[in-house]
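Asks: return a 3D structure for these sequence lines:
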Amino acid sequence: MAARGRHRRYQPNRINRASLTVTVGGAGMAIPLIGAGTAYAADAATWNKVAACESSGGWNTNTGNGYYGGL
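Replies: Model (predicted):
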């Protein structure tokens, strides 16, 4: 005689699956933001030095590819 179990295996309904999907998705988006710090940009003098270096001091340099001067 074969034994028959009286308990059914749990099967989540659509609401539980949707809730789980939203929770996991929200956590996936929030976790990277928790560890993100504040970004700081360099001051204008530093950017002027970088631009002058890139253009060899000639801010009116035409490279022929549509870009002019520094940055």
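Asks: distance of the closest residue to residue 62 other than its chain neighbours relative to residue 17?
Replies: Once flanking residues are discounted, residue 62 sits nearest to residue 68: 5.6 Å by Cβ to Cβ, 6 or more residues apart in numbering. Bear in mind the C-beta positions are built from the backbone N, C-alpha and C, glycine included. Distance, residue 68 to residue 17, by Cβ to Cβ, to the nearest Å: 56 Å.
Asks: then residue 57?
Replies: Residue 57 is 63 Å from residue 17, by Cβ to Cβ.
Asks: for residue 56, same thing?
Replies: 61 Å.
Asks: work out for me the element the most centrally placed residue in the chain sits within.
Replies: When Cα atoms, centre = their mean is applied to the chain, the residue found nearest the centroid is residue 32 (7.8 Å). Assigned by DSSP states H and E, residue 32 belongs to helix 14-34.
Asks: which elements pack onto that helix?
Replies: Under the contact definition 3 or more Cβ pairs under 8 Å, 6 or more residues apart in numbering; DSSP states H and E, helix 14-34 sits against no other helix or strand.
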